[in-house]
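>>> A structural model of the following input is requested.
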Amino acid sequence: MKNQTQSTKTLIIEALGNTFPLTLKQIYTEVKKNKSISYQGVHKVVKELVNEEIVDKVEKQHFLNRDWLKNQMNSFSKYYSYYFDESHDFNKRYITNEIQLFRFSTQKELLDFVIEAYAKGLVKSDNNEIYFTLGRLHPLIPPSVIQLLKRLKKDNQIYMLCKEDRFADRWAAKLYR
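Predicted coordinates:
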């Protein structure tokens, strides 16, 4: 299934970030893998990116503009240092006694969040209760994540919520016990 939510600009920037230089036809081929769009549509967006000085064009070859990349790096390094600098006490700022609801669009996002929360010590108090629901692919969780969940289980009460009482759900519940 093609991802219709990502913007064409983002897809073009990602394509040029992964491989360069690219011709317009090569950019179109890369964007077409992720989004239904015409060649003319890609041409129009590439032209906009050139006018915005995000993309440079030399003859028929396209590159990301180096000055734009440096500017992006400076912006992101500022945000990165704010979020990951040790002087900012992440735990004090975000741990509350209230229920917090997080929604993840993919299972990988959920697992990355759990691993990062565990690493930052966000789930270490004695009375923590963790509830999570799993989609249809929950039996495919890697063994390393299962081990992490088992370590979390030592200090926390973990509840896995399933939509239905299917064989796969019962099997996954036994697997995580």
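
>>> quick one: the helices in the chain?
Secondary structure of the chain (DSSP state H): helices located at 8-18, 24-32, 39-51, 66-84, 90-94, 107-119, 143-155, 167-176.

>>> where among these is average confidence lowest?
Per-stretch mean pLDDT for these is lowest at helix 90-94 (a mean of 49).

>>> can you tell me how far A117 is from L110?
Remark: distance between A117 and L110 (CB to CB, to the nearest Å) = 11 Å. No exception for glycine: its C-beta is placed from N, CA and C like everyone else's.

>>> swap that for N65, please
Taking CB to CB, one finds N65 at 36 Å from L110.

>>> which ones are touching K57?
50, 63 (CB atoms under 8 Å, 6 or more residues apart in numbering).

>>> is it in a bridge, and if so with what?
In this entry, K57 is beta-bridged to H62, by DSSP bridges.

>>> from L64, how far off is it?
When K57 is compared with L64 (using CB to CB), they lie 11 Å apart.

>>> can you count the residues close to F113?
14 (other CB atoms under 10 Å).

>>> can you list the domains in this protein?
Domain segmentation of the chain under automatic domain parsing yields 8-68, 90-176.

>>> excluding chain neighbours, what is closest to I54?
W68 (5.0 Å; CB to CB, 6 or more residues apart in numbering).

>>> distance check, that neighbour against E59.
20 Å.

>>> before we move on, what about S36?
For S36 relative to E59 (CB to CB), the value is 29 Å.

>>> around K32, how many other residues sit close by?
K32 has 15 nearby residues by other CB under 10 Å.
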